[in-house]
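K.L.:
starting from these lines, generate the structure:
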Amino acid sequence: MAWYLVEIRYVQEKLAEVRPRHREYLSGHAAEGRVAVAGPLGDGTGGLTLWQAEDEAALTELIDTDPYHLEGVVAERTVREFKPVLGAWLPQD
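P.N.:
All right, here's what the predicted structure looks like:
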């Protein structure tokens, strides 16, 4: 399993209508341990999500079924693998 930081930039006109479905979608994945943290940027232009997936192909399948993606809220998306080494939420070795 690997961690991925996904950053999106919003299409503002569609954001408010789709946000409840997007949050429900992410909540389900958080409950199953695939989403560690998610939320909007302070300036409201986009958001970040920290995902765990088998590989980038598996991640793409997950984020392509997010209502934000399906309903045109994502203007731009970047995906970067993340290698956490410190943090209270990390399992202890």
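
K.L.:
run through who's touching the top helix by length along the chain.
P.N.:
Identified as the longest helix of the chain according to DSSP state H is helix 12-31. Outside helix 12-31, the residues within contact range by Cβ atoms under 8 Å, 6 or more residues apart in numbering are 35-36, 38, 49, 51, 62, 65-68, 71-73. No exception for glycine: its C-beta is placed from N, CA and C like everyone else's.

K.L.:
go again using 10 Å as the cut-off
P.N.:
Contacting residues not belonging to helix 12-31 are listed as 8, 10-11, 34-40, 44-47, 49, 51-53, 62-63, 65-75 [Cβ atoms under 10 Å, 6 or more residues apart in numbering].

K.L.:
out of those residues, which sit inside strands?
P.N.:
Among the contacts of helix 12-31, the ones falling in strands (DSSP state E) are 8, 10, 35-40, 46-47, 49, 51-53, 74-75.

K.L.:
could I have the buried ones of these as PyMOL selection syntax?
P.N.:
In PyMOL syntax, the buried subset of the ones in strands among the contacts of helix 12-31 is picked out as below (16 or more other Cβ atoms under 10 Å):
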select buried, resi 8+10+35+36+38+46+47+49+51+52+53+74
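
K.L.:
need the max-distance pair from the ones in strands among the contacts of helix 12-31.
P.N.:
Maximum pairwise distance in the ones in strands among the contacts of helix 12-31, criterion Cβ to Cβ, is 25.0 Å, between 52 and 75.

K.L.:
can you give me the buried ones in the longest helix of the chain?
P.N.:
For helix 12-31, burial by neighbour count (16+ other Cβ under 10 Å) applies to 15, 18-19, 22, 25-26, 29-30.

K.L.:
now do it against strand 46-53, angle only.
P.N.:
Put simply, helix 12-31 runs at 30 degrees to strand 46-53, going by axes from the mean of the first three to the mean of the last three Cα atoms, to 10 degrees.

K.L.:
verify the stated contact: residue 39 with residue 49.
P.N.:
Yes. Applying Cβ atoms under 10 Å as the test, residue 39 and residue 49 come out as touching, 8.1 Å apart.
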